[in-house]
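Colleague: this one's sequence-less:
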């Protein structure tokens with residue numbers, strides 16, 4: 001039986017879900033998003049993630065801390081929704097979610113670990 005998605009289709013669906021999530025929670029989406037499936041892990045790299053206000057804040061060390069804290073709070077608030085969307089796309093439960101942002105280069109990384117190996121479904 002053929003899986004419901006090819007690897008590329010699943011990565012594209014994840015990418016689109018992340019863009020939508022970022023738009024809803026931040027009011028704007030990133031300029032570029034890449035999603036990669038690595039066994040039981042999804043690695044998502046977002047570029048161009050800062051809002052104009054965050055760029056201004058990030059000019060100081062204190063502001064960088066504020067941007068990072070705000071982004072952590074927002075992902076915590078949206079975690080359930082994001083994990084639910086990933087379950088719908090992948091059929092796998094999210095066991096952990098990690099994220100960090102580099103304000104200097106305006107990139108954010110999101111790492112999701114899952115309860116099973118997704119690569120096995122594409123073989």
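Modeller: Yep, it's here. This one's a predicted model, so the numbers in the text were calculated from it and none came from an experiment.
Colleague: Identify the bridge partners of the most centrally placed residue in the chain.
Modeller: Closest residue to the average C-alpha location of the chain: residue 110 at 4.3 Å, with C-alpha atoms, centre = their mean. Listed by DSSP bridges, the beta-bridge partners for residue 110 are residue 44, residue 99.
Colleague: longest helix in the chain, by residue count?
Modeller: Longest helix of the chain, by residue count under DSSP state H: helix 61-90.
Colleague: Now that helix: average pLDDT?
Modeller: Model confidence over helix 61-90, given as mean pLDDT, is 94.
Colleague: buried stuff in it?
Modeller: Residues 63-64, 67-68, 71, 75, 78, 82-83, 85-86, 89-90 are the ones in helix 61-90 that count as buried (16 or more other C-beta atoms under 10 Å). For glycine as for every other residue, the C-beta is placed from the backbone atoms N, C-alpha and C.
Colleague: Distance of the residue nearest to the centre of the chain relative to residue 61?
Modeller: With distances taken as C-beta to C-beta, to the nearest Å, residue 110 is found 24 Å from residue 61.
Colleague: chain center to stretch 24-36: distance?
Modeller: Offset of stretch 24-36 from its chain centre (C-alpha atoms, centre = their mean, to the nearest Å): 8 Å.
Colleague: Would you convert the buried residues of helix 61-90 into CSV that also reports distance to residue 22?
Modeller: Putting the buried residues of helix 61-90 into CSV (distance: C-beta to C-beta, whole Å) gives the following:
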residue, distance to residue 22
63, 20
64, 19
67, 14
68, 16
71, 10
75, 10
78, 10
82, 10
83, 15
85, 12
86, 14
89, 16
90, 19
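Colleague: Can you tell me which of the residues you listed is closest to residue 99?
Modeller: residue 75 (5.4 Å; C-beta to C-beta).
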